[in-house]
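S.K.: sequence plus the predicted model coming up.
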Amino acid sequence: CCCYYYYSSCVIVLKVMEEELGFEDVLKVHIERGNQGFGFNIKGTTATGGNMLAINGRLYPPLQYISHVDVGGSGWVAGLRCWDRILFVNGEDMKGAAHSDVVQCIIRGGSTLDMIVVRVDDDEAARLQRAEDAINKNAKKGKGKAQPISVNDYNNVPNPNGKGTFTVFNIFTHGDYKTSKRFSELAGFHKDLKARFRWHAFPPFPPKKMNGLLSSTLSPADLEERRVALEQYFQKVFAVEDIRESDLFTRFLKPSAYVPPKIKRERENNRKREEANLNKKQEQLKTAKVQQPATTLPTSKSQEQNQVPSSSSSMVKPEPEKKEKLVEKNERKVEKNEPKGGKSLQATSPTKLDESPKKTSSNLFDFDNEPDFVPPKKKVQQEVKIEKVKEVEKMKGVATAPEEPSSEQIFKVLLPNDRRIELEMDSTTSADDLLKAVLDEASITGFARHIFQLFEAVGENASSTPRPSDDFFARLIDGDEKVSEVTGHLLLRRWLFTKEQEVNAESCPIAIELLLKQTLDDIDHDRLFCGPKKKKKLASLKDQDDVEPTQVLAYTRKLHMYGGLKFPPCVNKDAEKKVIVTVAGDRIVVQNIGDDGEPSTEEDGIVLIEVSGLKKVKRRDDLLALRAEDSEGEVVTIRLVSDHAEFLEKCMKRALEESKWVAGTLSENNFFQ
């Protein structure tokens, strides 16, 4: 019976896929993982299901979409393009699926990925974005950071010097007006972006001339064509998270001196509307105070029980404390009897405005119990602010997605000795928790537990079943990072730069085995330089049966860059040259790359920096700047542009901390805390 239902569901999915592939705008894409992964990003709702939307004339539930594709990457070569809507992933229906479900489905596919997508052009993508923004706004889910930017319109502005006019284009994000810029300012911003993010393949910027004409002679049709071209450019650039969230883009979106007349009118109307609402609330408050009854409040049964009969068989007035309780109960009763949709104002209360309250009411709109120095107008303003706070909190409550239920997942970790450890743990497991479990499984004890960390294997030769000896670059995984979100292969590797402290791990045989195997692999794959003579000596040591692994490892520690990390080529921004940076325990080496593609060995092509001479290391996006004394005692400043700038910064700071630990200025406990 179960097989029948499974077979039936598979047949249904196949039929749906065939129906979708019958449309011209539906494409099937097969992607093989490359050296930088699949080469695309996806965005979309974090919830499952939602309102139907028309895409190219057909109704679909919310679809995850491609927000960015690396030009020349695996996804691009396979035919994937920005704004494509995802229908199926590896044979599974993704219509209406949450973002996390699509990501997990891609991860389960390993090194291959089959997708069926709906191709939409830029105009359709912009329309869908506006529709999704309207849905999100109505649902009070807030505004996402990844919404496309738009150039809604343009205005002709009189030139301050009295010579004609110039055109400004009005920039909006999430439907809100941000700033207005001239074409020359936009072109300058494009140059600044290319200088900052030189590794990103930017789309072409609209030319200065449109149809052979300069800005001063453009017709309205030409200006509209330029506006559309600018909007398409900014939507593609804004889709890249690193660019969108950079301080450069933040400064660009700051308000300009010019504000479009339409925006001015909207702001003025909003101001008048807010003033009218405030005046209305103030009048309601005054009316409520005037209509306070002069008679005593009616007593309830509970109040009658609290009254004490006098000797003349007549009822006396309640005591002051009990009278306050009666007032509060009556106020709550009046509020409860207010008509539905009415304002939450105190309708009646015998308490005077100039009396200081003895108790604080739980009602946020209890103006009678507010301090007497607050004038009525400010009280109304406070009421409006409180209403807005409640609305914001309610919006946050709607926008906050419920926590995903935890599930078990198998994590595979590769060790340098070719052993693969598989652990079944919660999908929300952090890298620190997985590391502890791996160290326990591998029987790594004592000091050795401090010198290993989890890394992600990235590189052109990383495959679905890589071995630690493959030619890859290892990226350190942050301890609080969810391992289920790591798309690369998990590796256990050495995370210690200094040689002096490593000998403390020799009491653990498995740690010595892992360190030696990693070192030999690094030598074989040119991650650790070893000259021909030393290689020959090392080979002879390995062949001797009476030589212990600790002796072979001790010999490799004589290599100058032992324990260091060699980074992929990056750019020396000041010299405008490609360089290779290697960070070791006592030095940082920056080598120019020659015309033959090999690192330079000439003296003028190498900058050698002692780690102890580091003065300052600072990073901004993919730009890393360091100031230090070189081997000759001169202070040098080097600015590097690298895809791995963040990891490079961590390595330099880690090496500097280790040097303090070795020198005795930093205790071991403080270092490993």
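M.R.: Cool, the structure landed.
S.K.: list the helices and strands the top helix by length along the chain packs on?
M.R.: If you go by DSSP state H, the chain has its longest helix at helix 261-290. Applying 3 or more CB pairs under 8 Å, 6 or more residues apart in numbering; DSSP states H and E, we find helix 261-290 packed against helix 376-399. Placement of C-beta: from N, CA and C, glycine included.
S.K.: distance check, the residue nearest to residue 39 when sequence neighbours are not counted against residue 246.
M.R.: Spatial nearest neighbour of residue 39, excluding adjacent residues (CB to CB, 6 or more residues apart in numbering): residue 73 at 2.5 Å. Counting by CB to CB, to the nearest Å, the separation of residue 73 from residue 246 is 21 Å.
S.K.: surely residue 96 meets residue 64?
M.R.: No - between residue 96 and residue 64 there is no contact under CB atoms under 8 Å: 9.7 Å.
S.K.: what number of residues lie near the residue lying closest to residue 407 once chain neighbours are set aside?
M.R.: Nearest residue to residue 407 in three dimensions, chain neighbours excluded: residue 427, at 5.0 Å (CB to CB, 6+ apart). Using other CB atoms under 10 Å, residue 427 is surrounded by 17 other residues.
S.K.: if I pick residue 552, what's in contact with it?
M.R.: The neighbourhood of residue 552, defined by CB atoms under 8 Å, 6 or more residues apart in numbering, consists of 516, 538, 541-542.
S.K.: related to what we said a few turns ago, buried set for the longest helix of the chain?
M.R.: For helix 261-290, a neighbour-count test (16 or more other CB atoms under 10 Å) marks 281-282, 285, 288-289 as buried.
S.K.: and if you look at stretch 507-519?
M.R.: Across stretch 507-519, burial judged by 16+ other CB under 10 Å covers 508, 510-519.
S.K.: ok, so of these, who is nearest residue 650?
M.R.: Closest approach between the buried residues of stretch 507-519 and residue 650, by CB to CB: residue 518, at 18.9 Å.
S.K.: distance of that closest one from residue 158?
M.R.: Taking CB to CB, one finds residue 518 at 69 Å from residue 158.
S.K.: the longest strand anywhere in the chain - what's its average pLDDT?
M.R.: Using DSSP state E, we find that the single longest strand of the chain is strand 606-620. Across strand 606-620, the average pLDDT comes to 86.
S.K.: counting by contacts, list what that strand packs against.
M.R.: strand 587-592, strand 623-630, strand 635-641, helix 645-663.
S.K.: how many neighbouring residues does the residue nearest to residue 180 when sequence neighbours are not counted have?
M.R.: Nearest in space to residue 180, with sequence neighbours left out and distances taken as CB to CB, 6+ apart, is residue 168 at 4.2 Å. Counted with other CB under 10 Å, residues neighbouring residue 168 total 21.
S.K.: A helix includes residue 117, no?
M.R.: No - per DSSP: H, G, I helix; E, B strand; the rest coil, residue 117 lies outside any helix segment and is strand.
S.K.: count the neighbours of the residue nearest to residue 95 when sequence neighbours are not counted for me.
M.R.: In space, and not counting its chain neighbours, residue 95 is closest to residue 61: 5.2 Å by CB to CB, 6+ apart. Number of residues near residue 61 (other CB under 10 Å) recorded here: 15.
S.K.: then residue 487?
M.R.: 13.
S.K.: before we move on, what SS does it have?
M.R.: Relying on three-state DSSP, one would call residue 487 coil.
S.K.: same check, this time on the one 10 residues further on
M.R.: Of the three states, residue 497 takes coil according to three-state DSSP.
S.K.: excluding its backbone neighbours, what's nearest it?
M.R.: Distances taken as CB to CB, 6+ apart place residue 585 nearest to residue 497, at 3.7 Å, with adjacent residues excluded.
S.K.: for residue 118, same thing?
M.R.: Distances taken as CB to CB, 6+ apart place residue 85 nearest to residue 118, at 4.2 Å, with adjacent residues excluded.
S.K.: read off the pLDDT value for that neighbour.
M.R.: Per-residue confidence at residue 85 stands at 93 (pLDDT).
S.K.: what sits against residue 452?
M.R.: 435, 439, 444, 492-495, 511, 514.
S.K.: now do residue 438
M.R.: 413, 421, 423, 454, 492.
S.K.: so which of residue 96 and residue 64 has more stuff around it?
M.R.: Taking other CB under 10 Å, residue 96 and residue 64 do not tie; residue 64 has more neighbours (24 against 17).
S.K.: please state the backbone phi and psi of the spatially closest residue to the more buried one that is not a sequence neighbour?
M.R.: Spatial nearest neighbour of residue 64, excluding adjacent residues (CB to CB, 6+ apart): residue 44 at 3.5 Å. Backbone dihedrals for residue 44, given as degrees, to the nearest 10, come out at phi 160, psi -180.
S.K.: swap in residue 186?
M.R.: With angles defined as degrees, to the nearest 10, residue 186 sits at phi -70, psi -40.
S.K.: and the closest residue to it other than its chain neighbours, what element?
M.R.: The shortest distance from residue 186 to any non-neighbouring residue, by CB to CB, 6+ apart, is to residue 230 (6.4 Å). Applying DSSP states H and E as the criterion places residue 230 in helix 220-238.
S.K.: following the chain onward from that helix, which element is next?
M.R.: Later in the chain than helix 220-238, the nearest helix or strand by DSSP H and E is helix 241-244.
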